[in-house]
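1. below is the structure, and that's it, no one-letter string:
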């Protein structure tokens, strides 16, 4: 598989930093087996492309994963889990759904105003949610009384489940839907008999990414190998 280096652009996580990415060839289909190997080397997927940061003066982006058999909920996560037991969850293949697209647009407008993500939300929905690059992807659809309140896109590979993107009703912030989606994926991954849930990049010093430290134990891909970043402290 061929790879390319992106042009420099402003870092979305750290101020006064430029971002460079290694990108897979857009003319090549990723497929589950090749992407599984890339995931083990710290790559992520966005649409049909695999990517990994390659910034010359910064290594703050650390790919992280949860060993699901050893995960334990902390007190706050336990409250979120209990609070959302009235939700129903359906697992399905990625597909176009008007209600999902509308929720995606609302999430972008309210959670990322002025940041670019709220613009052309329909195009973003199609690129981010519907283009899977030949990877075995699933939509996890969370509903309350038949109303869709959250959708999570995940990939299933031999190494585990990779959380690609989650969007939810931002006006329901008291429920902690983003947290619940991750907790549900941890339990689901364990039920599938797979070892890890991959959470994407943790960026030290970025408020957008710091929440990932709450899921313990947490492993990170650092200096070419996976190692423990934070031990577990909760009780399941």
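-> Nice, I can see it. Remember, it's a predicted structure, so these values are computed and weren't measured experimentally.

2. residues in contact with the closest residue in space to residue 101 that isn't next to it in sequence?
-> Excluding the flanking residues, the one nearest residue 101 by C-beta to C-beta, 6 or more residues apart in numbering is residue 125, at 5.0 Å. For the C-beta atoms, the positions are set from N, CA and C on the backbone; glycine is no exception. By C-beta atoms under 8 Å, 6 or more residues apart in numbering, the residues touching residue 125 are 100, 101, 104, 105.

3. where does residue 125 land in three-state SS?
-> Judged by DSSP: H, G, I helix; E, B strand; the rest coil, the three-state class of residue 125 is helix.

4. swap in the one 4 residues further on?
-> At residue 129, secondary structure determined by three-state DSSP is helix.

5. does it touch residue 95 like I think?
-> No: applying C-beta atoms under 8 Å, one finds residue 129 not in contact with residue 95, separated by 9.3 Å.

6. mutual contacts of these two, please.
-> Joint contacts of residue 129 and residue 95 (C-beta under 8 Å, 6+ apart) are residue 139.

7. out of these two, which sits in the more crowded spot?
-> Neighbour tally, residue 129 and residue 95, criterion other C-beta atoms under 10 Å: the higher count belongs to residue 129, 23 against 9.

8. dump the residue contacts of the closest residue to the more buried one other than its chain neighbours.
-> Among residues not flanking residue 129 along the chain, residue 153 sits closest, at 5.5 Å (C-beta to C-beta, 6+ apart). Residue 153 makes contacts with 94, 128, 129, 137, 138, 139, 140, 164, 165, 166, as judged by C-beta under 8 Å, 6+ apart.

9. which of those lies closest to residue 175?
-> Taking C-beta to C-beta as the measure, residue 175 lies nearest residue 166 of those, at 13.3 Å.

10. give the burial count for the closest one, as a bare number.
-> The number of residues packed near residue 166 is 19, by other C-beta under 10 Å.

11. excluding residues flanking it in the chain, which one is nearest it?
-> Using C-beta to C-beta, 6+ apart, the closest residue to residue 166 is residue 152 (4.3 Å).

12. doesn't that neighbour fall inside a strand?
-> Yes: under three-state DSSP, residue 152 falls within a strand.

13. beta partners for it?
-> residue 140, residue 166 (DSSP bridges).

14. correct me, but it touches residue 140?
-> Yes: with contacts defined as C-beta under 8 Å, residue 152 counts as touching residue 140 at a distance of 4.2 Å.

15. what residues do these two have in common as contacts?
-> 181, 184, 185.

16. residue 138 is in contact with residue 151, correct?
-> No: applying C-beta under 8 Å, one finds residue 151 not in contact with residue 138, separated by 10.7 Å.

17. of those two, give the one with the bigger neighbour count.
-> Between residue 151 and residue 138, residue 151 has the larger neighbour count (other C-beta under 10 Å), namely 25 against 18.
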